[in-house]
Structures are given as C-alpha cells and as structure tokens.
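**Q** Following is a predicted model, sequence given first.
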2 protein chains.
Amino acid sequence: MAGLAPARLDERARIGATALGDLARGAAFLGSGGGGDPYHNRLLGEAMIARRGPFELIALDALADDALVVPCGWIGAPTVSVEKLPNGNEALRGLRRLEELLGRRIDAVLPIEIGGGNGLAPLIAAAQLGIPVVDADGMGRAFPESQMSIFSIAGLSACPSVMTDASGALVIIEAADNHTHERLARQLSIAMGGDAHMTEYPLTGRLAKAHAIPGSISTAIAAGAAIRQARAAGEDPFEALFAALRASPLYRFAGALFDGKITDLERETTRGFAIGRVTIEGFMGAGRLDIEFQNENLVARRDGKICAMVPDLITIMDRETAETITTDRLKYGQRVKVAGAAAPPMLRDAKALWMVGPSAFGLAEAFVPIEKLNGWEDL
Amino acid sequence: MAGLAPARLDERARIGATALGDLARGAAFLGSGGGGDPYHNRLLGEAMIARRGPFELIALDALADDALVVPCGWIGAPTVSVEKLPNGNEALRGLRRLEELLGRRIDAVLPIEIGGGNGLAPLIAAAQLGIPVVDADGMGRAFPESQMSIFSIAGLSACPSVMTDASGALVIIEAADNHTHERLARQLSIAMGGDAHMTEYPLTGRLAKAHAIPGSISTAIAAGAAIRQARAAGEDPFEALFAALRASPLYRFAGALFDGKITDLERETTRGFAIGRVTIEGFMGAGRLDIEFQNENLVARRDGKICAMVPDLITIMDRETAETITTDRLKYGQRVKVAGAAAPPMLRDAKALWMVGPSAFGLAEAFVPIEKLNGWEDL
C-alpha cells in the first residue's frame, strides 16, 4: 500500500479506545437516526482493542487498483439489533465465504454505511480477518435499504452478497439488479430474526477509489471528538459538532433545526424496518417539528413546512449532551435538539436523488437542499 | 415404457408423451392435493419430447456410488404456481450453479417430491442438462415443507441448496439445520413472488440408493396408466388406480374414503402456502367429510372422526374421470370422490413420523394407519 496521496488521513492511522468512542458518537450522528445504535459495537470494539490493540485504518487513496475491497455491515431493524445479540462470528464467516467464492483474499473492508453501529462493525470484522478498514463508506450516512448506496448509484452490483446470522446460517445472493437484491435480503433478514450481517458490493480498489465516499470514518471521528472536547471544556457541543462537519468536504452545511420535547411517537417494527413518526414540541409554545422515519429520519416538517429531507441528514440529539438518539431509542418526553446537515455532494445529483432522494421513499415533494430551506447558504 | 421390470425398472427406460401423461395423472394423485397442478409441466414436457425425443429414466439401483445426484423441484404456494409462469431457465441455472459450487458435474436428478407438478419438473431439468432422471424421489408423495423429506429423516442436510426465480435471481443457502433451511427458503420463495425453483439435498449415488424412495416415478406412471386404461375400457378408474397402487411396494393399501359434493371451502395463500379446509357432503344426506390442508391434504374427518392423516395420502378426485383436483383447483360444487392410500413404509416409522407425521403439522392426534382406520387390512 505504498504511494499514498495526502488526502485527509495519513497512509495508515490507528483507532484506539478514545477514537473509537469518538467514532461511535460521530457515526451515531451521521446515521440520521439509523444504522443501529453503536452501543454494542463500541463495547465489542473496546474489548477487542484491550485484547489486540488499536484498529488499523487506511486511506481510500492508498488502495491498490487490484485490491479486493468489501463493504459490509448489518441489515435489519434497529429495534431488533439492540436486543438480539450476535454470535460474534457472523462477519468473519461471511467474509471468508466470499473469499472462497471469489477465489482470493480480501484486502480491506469498509462500512457499507458510516451511520450508526454500521460505522463501527467493519472495524471488528477487519480485526478478525487481520486486515485494515478503509477510511470511506458506501452511503455517507445511513439509509434503510441496500440499493441506496453510492455503488448502486454508480451502477455497480451488490452481488454476490453473503448474509450470515447468529444461528450459523449463510446465504449467498446473486440477483439481476440491486432492487431485487434488497427485496430478497430484506425478507431473509426477517427470516433470520430481524437482524443479519451482510457483505455486499465487492469492489476492486480501482472502483472503490472511484466511487466510495472518502474520509467518512475520519470525519465521523472528528465530529465525535468535537462533541467530546466541547463538553469537557464546558462549551456548546452542538456548535462544536456543526463546525467540525462544516470543515469537512462532505457535510458543508450543518445546524440546529429545532429544540423541544418529544410529545408523540409512533413506531412499529414491520416489513423488516422500524417505521414511524415523532412529534417534537417547542418549549413554551414555540412551534412543533414532525419527523417521519424508516429506520432513518426521512423528512422534518417545522410547523407543517419541510425544513429538511433525504438525503440530507436529520438527527435527533439529547439537548444537553449532544448524544444522538437513534430512532429505536426515541421515547416520549425526551428533551431534544434536532440537528441537520447537508448530505455529501455525490448524494445530491439527479442520478443519486433517483436512488436516495425523496421520491425513493415515496415522498411527493422534490428535494430542496437543507441550506436553502434554512437560510444557511451564507454561513 | 418398454422393458419395465416387475419390481421397478430396468436400468434405463424412456418416457414418451403417453407415459408423461400417465405420470402427470399418477403424480397428481400422489401429491395428496399438493406438489402443484402438473398441467404446466405436462405441456412443457410434451413440447420437449416433440423437440428432443423421450425423457430418460434410470433405476435408482443403477447409480454409481460416487455419482452426484440432485433432488430438485419448485417451492411455493400451488395457488401461485398455476398463475406465475417460469422463465424456463430456473432449473438449469440452479443446477449449473450447484455444479460450479461443488466443482463437478451432476450425473442425475430426481424429484424432491413425486407429488404433483414436482413429479414432472425434474424431467425437464434433466433434459436441459442432458442427463437422466432417477426413478425415485425424496418424499414418496408431496409435503409442504423442505425438511419433510426422507433425506432429512435420514439426517442428511438440505444444503447447499440453490434457489432461482423468474427474475434471474439466484440464492445459495447453507443453513445449520433443515428446519432453518426451510424457514429461509420459505421467506425467499415469498420474496421471489411465491414460487421458485430449488435444488437441495445434493447426494452421492451411495446415499441416494440408501435413502431415496425407489421406483416412485414408475409407480406414478403405472397409477396414471391404470386410470387411463380403465377409462378407455369403460371400467371403474378408481378401482384400477387402487389395484395399481396396491400392487406397488410403496402404497400397499388404497381405497375410497368418501363420495360427495364440495359444500364449503376456505383457502388463503399465506406464509408462502395455500392453507385452508374443505367440506364435502355425501349425496342424499350420506354424512360429511372435512379435510384440512397446507398445500397438501393433511387430515380427513368423516362425520367428525379421523379416517386418514399425514403421512398417509388423501386425494380429492373428480368422481367421474378420476382426475385429481389439487388444493389450488378446489371449487364449491365440485362432485368428488376422496381417495386414500397408505404412505410408503419408510415414512411411517417413529423417526419419520416426527418429521412428517401429525405432530409435525400441529395436529394433536397420534398417527393411526389408514388401513386400520378404514378396515382395509384384510384387502
């Protein structure tokens, strides 16, 4: 892996316990409510660091053209993943089977989505395989469906994918298109108990460099560190978070959308997802915010008017600590601040919006960037 | 069918259009209401015979010990399979992928179940591959679930299995046990539109000879021929069918259970099955028969008392023509005769009953052989 570009990360970096905590915090924010609560993966990661030392991260640019790079993560409903424990072998088993299938070793893995627990899970998988994690991901946030990835937008196939579950079952999917793949994988995730590990979109290093969203792990770590440091210094953790996001080339606009208390919540685990809506009322009658979610927060309406929509990020956070509250952790009465951020630019062009924009979620409204909706353009 | 041995079959035989029709008729009866209506597969088979000549059948005993023998057929709800047309390539694609996976050519296929359309489908698959079909099957009838096979009873694994659908999707399942395999395959069959092709329980010739149910294809042909010949001769096709069954070592007791008209029918396509119940009333107040089904007819109660139960066969037939009416073709007002037959002996021991007996279908009653329930023991 010689011949590195000085993109944002040195050729290699190490993620110790502090950086892992920052990653958990930052990935939770980038999950836009989804990707699964990072709590379990953080605990697993800390135990692994204590046993084997820090995780190894390499820059996307450092990949050899002919490397085999595999995005991976968990598929299912976050409401299930917080309760159903893994057997710990799912990722290793799936990745090893993919190696057999492709007849070669995997050189590196990356998160299929940086958001939530899925931003951390590949670190554990990589350590089990003794290979590095690439500082990149396939969604720049979290999305509920497998075809909602930058690789799909680029026309690449999710297949062959390998799904594994805690019972020891393993399934290889070879579908003709990524929507069919999602349909099969989703039904399987239900049959597998609502939560399963998946390796998908196996890539050459060349394709990963051309299409993966670069620097998302280091950006998540920076975002998480900003919150941690601001809290330690007695400063506003939200302002620190927004400044860290704005400093990255991925999330150029960020800010608070609303401040208030959760006064209504509907959430059900159905069709393999956590689906619902939440209402937040401002303090002392200061308006209301309604958010719809499918694992991830999809659209926020402030006093009935849209103020943020997919693919832009909408994250509900504890208003004191700036810890993210994923959709599976939402509760009546929580006092929250809702933060928003612009999606990475590659998720906002017409081709990308067809796959991850409002219409992909059945919303009638056309996409309007969060910075336009909130007058952040001059920030 | 020249050169038929009195026992089962010479080493090889050929199935032309007449034998194919007999097989369709016989397999429909052996389906015990399920396995799918053989209509489509008969048409496909006739077209194939016209183009390529007769199908090739070999005796189970003729297999080499180290042959690779693969049971296959369609999984799903028969109510769907009569409406959803295949792309015609599903079996070939799945079997070829299994060859890649196992690193060798398949020497022969056999029906996973002799019952219904699945008794014919492997003939078409075999012809596409240019290999013979083995005169044997995995269930000796049809059953709704994949683990309800003689191979499962013998402790063999269904995996790796390969599922393929009309959209071109292909899925390989490697589950730790056959019940998990069924759960995953069933959900996939739903995601694949309610009907999919599956290769499962790949076997060596040695294991096939030790465990497959021998002679079921030639027995089905003989049963179908008996009906056809009796009708042509103006004789009772039911008596001819029963005589043909009793002459085989597989179905030693057979007879009529009831005669009447369908007066009530509940059937829904749910959880990937056709599930329901049908009531038949005797003519001029001569009692009633109630049958419960899950793809296949499971239990028949005559005036409230059980007169046949799984794994024994219960088949509803047109009372004039002795054509089988599969559960997906049942209609109010049909005038029917209900026929029953003893299951093959290997499905009736304690180990087999655990997998395919009444308790496997949630019935409270213990298995009692049909010949005991109907006083046929002296026949």
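**A** Sure thing, it's come through. All figures in this text were calculated on a predicted structure; none of them were measured in a lab.
**Q** Check whether stretch A:191-202 comes into contact with chain B.
**A** Yes. Stretch A:191-202 is in contact with chain B by C-beta under 8 Å from any C-beta of the partner chain, via A:191-192. Every residue, glycine included, has its C-beta placed from N, CA and C.
**Q** Compute the first-to-last residue distance for that stretch.
**A** 24 Å (C-alpha to C-alpha, to the nearest Å).
**Q** list the buried ones in it?
**A** The neighbour-count check on stretch A:191-202 (16 or more other C-beta atoms under 10 Å in any protein chain shown) flags A:191-192, A:194-202 as buried.
**Q** Closest to residue A:76 out of the residues you listed?
**A** Lowest distance from residue A:76 to the buried residues of stretch A:191-202 (C-beta to C-beta) belongs to residue A:195, with 3.6 Å.
**Q** what pairs with the closest one across the strands?
**A** residue A:76 (DSSP bridges).
**Q** And the one 4 residues further on, by the same measure?
**A** Partner residues in beta bridges with residue A:199, using DSSP bridges, are residue A:72, residue A:162.
**Q** same check, this time on the one 4 residues further on
**A** Beta-bridge partners of residue A:203, counted by DSSP bridges, are residue A:69.
**Q** what's it in contact with, if anything?
**A** A:68-71, A:151, A:156, A:211-212 (C-beta atoms under 8 Å, 6 or more residues apart in numbering or on different chains).
**Q** Filter those residues down to the buried ones and hand me the ChimeraX line.
**A** Selection of buried members from the contacts of residue A:203 for ChimeraX, criterion 16+ other C-beta under 10 Å:
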select /A:68,69,70,71,151,156,211,212
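**Q** Show me what counts as buried in stretch A:362-379.
**A** So, applying 16+ other C-beta under 10 Å, buried residues of stretch A:362-379: A:363, A:367, A:369-371, A:373-374, A:376.
**Q** give me the number of residues near residue A:320?
**A** 11 (other C-beta atoms under 10 Å in any protein chain shown).
**Q** from memory it sits against residue A:336, does it?
**A** No. Look at residue A:320 against residue A:336 with C-beta atoms under 8 Å: they stay out of range, at 9.8 Å.
**Q** what sits against residue A:160?
**A** Counted by C-beta under 8 Å, 6+ apart, residue A:160 has contacts A:98, A:101-102, A:172-174, A:202.
**Q** Got phi/psi on it?
**A** Dihedral pair for residue A:160: phi -70, psi 140, per degrees, to the nearest 10.
**Q** pLDDT wise, what is it at?
**A** The model reports residue A:160 with a pLDDT of 97.
**Q** Same question for the one 3 residues further on.
**A** According to the predicted model, the pLDDT of residue A:163 comes to 98.
**Q** and residue A:339, what element?
**A** strand A:335-341 (DSSP states H and E).
**Q** rewinding a little: which members of the contacts of residue A:160 are positioned in helices?
**A** Using DSSP state H, the subset of the contacts of residue A:160 located in helices is A:98, A:101-102.
**Q** Neighbour count says what about those? Which are buried?
**A** Buried among those by 16+ other C-beta under 10 Å: A:98, A:101.
**Q** closest to residue B:31 among the ones in helices among the contacts of residue A:160?
**A** Nearest member of the ones in helices among the contacts of residue A:160 to residue B:31, counting by C-beta to C-beta, is residue A:101, at 36.3 Å.
**Q** so what's that closest one scoring on pLDDT?
**A** pLDDT, residue A:101: 95.
**Q** what's the answer for residue A:81, then?
**A** 65.
**Q** Next: residue A:272.
**A** 76.
**Q** number of nearby residues for it?
**A** Residue A:272 has 24 nearby residues by other C-beta under 10 Å.
**Q** That one: what's it in contact with?
**A** A:76-77, A:186-187, A:189-190, A:194.
**Q** and which of those is nearest chain B?
**A** Looking at those and their distance to chain B, the nearest is residue A:187, at 3.7 Å (C-beta to the nearest C-beta).
**Q** Which helix or strand contains the closest one?
**A** Per DSSP H and E: helix A:178-191 holds residue A:187.
**Q** Show me what the host helix or strand of residue A:46 is packed up against.
**A** Counting by DSSP H and E, the element that carries residue A:46 is helix A:39-52. Applying 3 or more C-beta pairs under 8 Å, 6 or more residues apart in numbering or on different chains; DSSP states H and E, one finds that helix A:39-52 contacts helix A:17-30, strand A:55-59, helix A:121-129.
**Q** out of the ones you listed, deepest packed?
**A** For these, the stretch with the most neighbours on average is helix A:17-30, a mean of 25; neighbours defined as mean count of other C-beta atoms under 10 Å in any protein chain shown.
**Q** from the chain's centre, how far out does that helix sit?
**A** Distance of helix A:17-30 from its chain centroid, counting by C-alpha atoms, centre = their mean, to the nearest Å, is 11 Å.
**Q** What mean pLDDT does that helix get?
**A** Mean predicted confidence for helix A:17-30 is 97.
**Q** Farthest-apart pair in the contacts of residue A:272, please.
**A** A:77 and A:187 (13.0 Å).
**Q** Neighbour count for these two, which is higher?
**A** More crowded of residue A:77 and residue A:187, by other C-beta under 10 Å: residue A:77, with 27 against 20.
**Q** Now the phi/psi pair for the most centrally placed residue in chain A, please.
**A** The centroid of chain A falls nearest to residue A:115 when counting by C-alpha atoms, centre = their mean (1.7 Å). Dihedral angles of residue A:115 (phi, psi; degrees, to the nearest 10) stand at phi -80, psi 140.
**Q** Verify the stated contact: it with residue A:139.
**A** Yes. Using C-beta under 8 Å, residue A:115 is in contact with residue A:139, at 6.9 Å.
**Q** one step back: check which residues of the strand holding residue A:339 are buried.
**A** Here strand A:335-341 shows A:336-341 as buried, counting by 16+ other C-beta under 10 Å.
**Q** near chain B, which residues of chain A show up?
**A** Near chain B, when you scan chain A using C-beta under 8 Å from any C-beta, you find A:97, A:167-176, A:180-181, A:183-184, A:186-188, A:190-192.
**Q** For residue A:371, give me its contacts.
**A** A:252-253, A:342, A:377, A:379.
**Q** again, only this time at 6 Å
**A** A:253, A:342, A:377 (C-beta atoms under 6 Å, 6 or more residues apart in numbering or on different chains).
**Q** how far away is it from residue A:252?
**A** 8 Å (C-beta to C-beta, to the nearest Å).
**Q** Could you tell me which residues touch both of those two?
**A** Between them, residue A:371 and residue A:252 share the contacting residues residue A:342, judged by C-beta under 6 Å, 6+ apart.
**Q** Of all the helices and strands packed on helix A:39-52, which one is nearest residue A:290?
**A** Using C-beta to C-beta, the nearest of the helices and strands packed on helix A:39-52 to residue A:290 is helix A:17-30, at 20.7 Å.
**Q** Mind giving me the packing neighbours of the closest one?
**A** helix A:39-52, helix A:216-232 (3 or more C-beta pairs under 6 Å, 6 or more residues apart in numbering or on different chains; DSSP states H and E).
**Q** if we go to 8 Å?
**A** Against helix A:17-30 (3+ C-beta pairs under 8 Å, 6+ apart) you get helix A:39-52, helix A:216-232, strand A:313-318.
**Q** so of these, which one's packed in deepest?
**A** By mean count of other C-beta under 10 Å, these have strand A:313-318 as the most buried, with a mean of 25.
**Q** For the closest residue to residue A:37 other than its chain neighbours, give its distance to chain B.
**A** Sequence neighbours aside, residue A:326 is the residue nearest to residue A:37 in space, at 4.8 Å (criterion: C-beta to C-beta, 6 or more residues apart in numbering or on different chains). According to C-beta to the nearest C-beta, to the nearest Å, residue A:326 and chain B sit 26 Å apart.
**Q** Is residue A:326 in contact with residue A:34, as I believe?
**A** Yes. At 6.7 Å, residue A:326 counts as touching residue A:34 under the criterion of C-beta under 8 Å.
**Q** So which residues make contact with the helix holding residue A:46?
**A** A:15-17, A:20-21, A:24, A:55, A:81-82, A:85-86, A:88, A:117, A:120-121, A:123-124, A:127.
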